[in-house]
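J.: Here is my input, please return the structure:
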Amino acid sequence: MKAIIPVAGIGSRLKPHTRTQPKSLIPVAGKPILGHIMDRLVEEGIEEFVFVIGYLGDRIERYIQENYGNYKSEFVIQTLGKGIGHAIWLAREHFVENEPMMIILGDTIFEADFSHVLNGNTNALGVKKVEDPRLFGVAELKEDGTILKLSEKPQIPKSNLAAVGLYYIKDTQQLFECLEYLIQNDIKTQNEFHLTDALQCMIDRGSPFTTFAVDAWFDCGKKDIILQTNRNLLKRYGTADVSAFSKGNIIVPPVFIAPTAKIENSIIGPDVSIGEGAVIIRSMVRNSIIGQGAELNTAMLEDSLVGSEAVLLGAVQSLNIGDSAEINLRNS
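T.: Model (predicted):
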């Protein structure tokens, strides 16, 4: 079985960070979003992957080759943003007829037990109850628990069960035929070819779908959600050994500090992730993510996302600065 991971999106809601790196490579709790996804899938025994890449896709390909080179990975290029359905359709040549697949959206970190799903004989969607279903694909169920209807961002939802970007497809050939039908007939929702519409086409043609519960799910599309995800994962994983940074500093768990980071005369934590090679001097940082190679000097940061190689000199409260930026707020 293979997994398809679409990671071709531009990530416009996360600018300026996504001007220089794909959204799926933004670090959370010590590793990129994509790394969390890959580790979870490998745990379930999935060893073959198809990535649909686009903007800055060479960075994703390099990351996978450097960190997951023991697994078979193939890369498909989506040159135009036409939606997730179109991205999946582009990967059709990498599957033999009715070869089962997992589909995982590349900006979604999840906690779910789906081992029973992989051993089942039915298509299945990961779902979670949400407060505002209008923002998601929504599943309406029959009395027997199978899916009656799927709707993409309905204005008047008939269910609060959101499809959260985790799909098991048993009838792979049927999916590709439905995607082909949508694309050939230019059938779009909100100007994109949606996977939800293809899945509804499968249901209409007689392919049954069940659901499985997703315990935790984070759609890492905005700064606040990324920081919330960082907090939750740090609490879940706990703080690794940071004794090397204890001299001259105050470390307040939970935190992640890369071994090659340099911390001097600073207070770090709680809920802070610091990347490889980062330098933090005479600073206070809490509830923030500091990218690799970033430098903070005499800074007070909270609720901040600082990109790789960024330089910040001076005291502020909350920032969202991208890679290689340089900000000097100190008196000259």
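J.: From here on, just use CA atoms for contacts and neighbour counts.
T.: Fine.
J.: what pLDDT, on average, does stretch 48-66 get?
T.: Taken as a whole, stretch 48-66 has a mean pLDDT of 92.
J.: For that stretch, buried residues please.
T.: Along stretch 48-66, these residues count as buried under the neighbour rule (16 or more other C-alpha atoms under 10 Å): 48-57, 60, 63-64.
J.: go on, stretch 165-185?
T.: Buried residues in stretch 165-185 (16+ other C-alpha under 10 Å): 165-180, 182-183.
J.: Off-centre distance for stretch 124-135?
T.: Remark: stretch 124-135 is offset 16 Å from the chain centroid, using C-alpha atoms, centre = their mean, to the nearest Å.
J.: what comes into contact with that stretch?
T.: Outside stretch 124-135, the residues that touch it by C-alpha atoms under 8 Å, 6 or more residues apart in numbering are 117, 139, 153-157, 159-169, 209-215.
J.: Would you indicate which residues of it are buried?
T.: Those would be Ala124, Leu125, Gly126, Val127, Lys128, Pro133, Arg134, for stretch 124-135 by 16+ other C-alpha under 10 Å.
J.: Stretch 102-119 too?
T.: Residues of stretch 102-119 classed as buried by neighbour count (16+ other C-alpha under 10 Å): Met102, Ile103, Ile104, Leu105, Gly106, Asp107, Thr108, Ile109, Phe110, Phe114, Val117, Leu118.
J.: Which members of the residues you listed occur in strands, if any?
T.: Cross-referencing those against strands under DSSP state E gives Met102, Ile103, Ile104, Thr108, Ile109, Phe110.
J.: Make TSV out of these and add distance to Pro32 and pLDDT.
T.: Output for these, formatted as TSV (distance: C-alpha to C-alpha, whole Å; pLDDT from 0 to 100):
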residue	distance to Pro32	pLDDT
Met102	20	94
Ile103	19	95
Ile104	15	94
Thr108	11	83
Ile109	10	85
Phe110	14	82
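J.: which two from those end up farthest apart in space?
T.: Pairwise distances across those (C-alpha to C-alpha) peak at 14.6 Å, for the pair Met102 and Ile109.
J.: I'd like the mean pLDDT over stretch 141-150, please.
T.: Confidence for stretch 141-150, expressed as mean pLDDT, is 89.
J.: and the top strand by length along the chain, what does it pack onto?
T.: Longest strand of the chain, by residue count under DSSP E: strand 161-169. Where contact means 3 or more C-alpha pairs under 8 Å, 6 or more residues apart in numbering; DSSP states H and E, strand 161-169 is packed against strand 101-104, strand 123-129, strand 137-141.
J.: Can I get the buried residues of stretch 102-119 in a markdown table including distance to Ile225?
T.: What follows is these, written out as a markdown table (distance: C-alpha to C-alpha, whole Å):
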| residue | distance to Ile225 |
| --- | --- |
| Met102 | 24 |
| Ile103 | 22 |
| Ile104 | 18 |
| Leu105 | 16 |
| Gly106 | 15 |
| Asp107 | 11 |
| Thr108 | 11 |
| Ile109 | 11 |
| Phe110 | 13 |
| Phe114 | 24 |
| Val117 | 28 |
| Leu118 | 29 |
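J.: Identify the residue spatially nearest to Gly54, adjacent ones excluded.
T.: Ala8 (4.2 Å; C-alpha to C-alpha, 6 or more residues apart in numbering).
J.: repeat for Trp217
T.: Phe110 is the one closest to Trp217 (C-alpha to C-alpha, 6+ apart), at 4.3 Å.
J.: top helix in the protein by residue count?
T.: Ranked by residue count and defined by DSSP state H, the top helix of the chain is helix 223-237.
J.: Now do that helix, average pLDDT.
T.: On average, helix 223-237 scores 87.
J.: and after it, which helix or strand comes next?
T.: strand 250-251 (DSSP states H and E).
J.: Helix or strand with the lowest mean pLDDT in the chain?
T.: Each helix and strand of the chain was given a mean pLDDT (mean pLDDT, DSSP states H and E); the minimum falls on strand 326-328 at a mean of 46.
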